[in-house]
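Peer 1: this one's sequence-less:
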DNA sequence: GCCTATACTCTCCAAAGGAAAGTAGGCACC
DNA sequence: GGTGCCTACTTTCCTTTGGAGAGTATAGGC
């Protein structure tokens, strides 16, 4: 079966190559393991503080959490609210843009839940075959 | 505004923590920059050979292309057809599972195209503010 | 004076990733 | 018969990224 259509959206797209490059860069930036996991926890739990997020995201190091949050803030995905108190209090929350990305990734979570067994079956088949 | 619902799908989910862990692992595996880019090119161009993919995916090294394709094959996302001829000929194509993942990521491509300008604006704002 | 709590920041080391050269093996050309 | 080509990888070497754990600054409580 050949491709019936190139993509399921935007069928008449000639797509400017510069735009395609930029989109590829953005995907490379945003399709990061930690970004995705942080996005999900913020989407699920709402506003969170640093240490809460560190507990929620399984296996992330403090360094990566800081870096990921900074990058997401730079991209306009999260809002960082600093309360100037002692001890320091910083709250992170999703912006509207971040929430829209979360919704866009919804389909992927769905897919992962739905096809978990298939993937595992494919893995064991691959491992035993070789 | 508090969270009106925890996720936009599966509102009554208590979600087995073991499943959640597995899903997280799978997301971490699949939400990789190179996996995503390879998936898109295979989705867009259909069956491709190794060197063709290397040209299509901007900036990938041969080692990463090999590793990514192997991992995707192991996960049942791509099919690897070897023609025993000289010079060697190997064709890669998406399986049904791979195509379903491509469709799931559709929303993310959509999002990236739609919000590119917002992200760039947020970046320049962040960079000049600091 | 000392301890605590918080959000980082720094240092050191291991793992991942990129560039470029090497490999296998039949085939065409000289 | 030797040389080089073609493709899909490997291998090697080196840079960058990422993780573990300790350190920093600050003010209030004991």
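Peer 2: Okay, I see it. Note that the coordinates shown come from a computational prediction; the quantities given were computed from them, not determined experimentally. Residues are numbered from 1 along each chain as shown, chains lettered A, B, ... in the order given.
Peer 1: Tell me how many other residues crowd residue A:119.
Peer 2: Neighbour count of residue A:119, defined by other CB atoms under 10 Å in any protein chain shown: 20. (C-beta placed from N, C-alpha, C; glycine too.)
Peer 1: Please apply the same query to the one 3 residues further on.
Peer 2: Residue A:122: 19 surrounding residues under other CB under 10 Å.
Peer 1: how much space between it and residue B:46?
Peer 2: 21 Å (CB to CB, to the nearest Å).
Peer 1: same check, this time on residue A:95
Peer 2: 38 Å.
Peer 1: just residue A:41 next, same as before
Peer 2: In this view, residue A:41 and residue B:46 are 37 Å apart by CB to CB.
Peer 1: Pick out whichever of the two has more residues nearby.
Peer 2: residue A:41 (19 against 15).
Peer 1: thought the more buried one was touching residue A:56?
Peer 2: Yes: if you go by CB atoms under 8 Å, residue A:41 and residue A:56 touch, sitting 4.3 Å apart.
Peer 1: list the residues that contact both of those two?
Peer 2: Common contact partners of residue A:41 and residue A:56 (CB atoms under 8 Å, 6 or more residues apart in numbering or on different chains): residue A:48.
Peer 1: Now do the nearest residue to residue A:58 once chain neighbours are set aside: how many residues are near it, please.
Peer 2: Excluding the flanking residues, the one nearest residue A:58 by CB to CB, 6 or more residues apart in numbering or on different chains is residue B:24, at 6.4 Å. Residue B:24 has 19 neighbours, counted by other CB under 10 Å.
Peer 1: In which helix or strand does residue A:114 reside?
Peer 2: helix A:96-129 (DSSP states H and E).
Peer 1: Could you see whether DNA strand D lies near that helix?
Peer 2: No: using CB under 7 Å from any atom of the strand, helix A:96-129 stays clear of DNA strand D, coming no nearer than 14.2 Å.
Peer 1: how much does that helix deviate in direction from helix B:96-129?
Peer 2: 140 degrees (axes from the mean of the first three to the mean of the last three CA atoms, to 10 degrees).
Peer 1: What mean pLDDT does helix A:96-129 get?
Peer 2: Taken as a whole, helix A:96-129 has an average pLDDT of 93.
Peer 1: Next, the buried residues of that helix.
Peer 2: A:97-102, A:104-109, A:111-113, A:115, A:119, A:122 (16 or more other CB atoms under 10 Å in any protein chain shown).
Peer 1: tell me the contacts of the residue sitting nearest the centre point of chain A?
Peer 2: The centre of chain A sits closest to residue A:36, judged by CA atoms, centre = their mean, with a distance of 2.3 Å. By CB under 8 Å, 6+ apart, residue A:36 lies in contact with A:105, B:27-28, B:31.
Peer 1: From the residues you listed, pick the one nearest DNA strand D.
Peer 2: The closest of those to DNA strand D turns out to be residue B:28 (CB to the nearest atom of the strand; 9.5 Å).
Peer 1: Pull the number of nearby residues for that closest one.
Peer 2: Counted with other CB under 10 Å, residue B:28 comes out at 16.
Peer 1: ok, now residue A:65?
Peer 2: Counted with other CB under 10 Å, residue A:65 comes out at 19.
Peer 1: and it, how far is that from DNA strand C?
Peer 2: To DNA strand C, residue A:65 is 8 Å away according to CB to the nearest atom of the strand, to the nearest Å.
Peer 1: Could you look up the SS state of that residue?
Peer 2: Here residue A:65 is recorded as helix under DSSP: H, G, I helix; E, B strand; the rest coil.
Peer 1: Pull up the residues of chain A that are close to DNA strand C.
Peer 2: Proximity of chain A to DNA strand C (CB under 7 Å from any atom of the strand) is limited to residues A:49-51, A:62-63, A:66, A:69, A:80, A:86-90.
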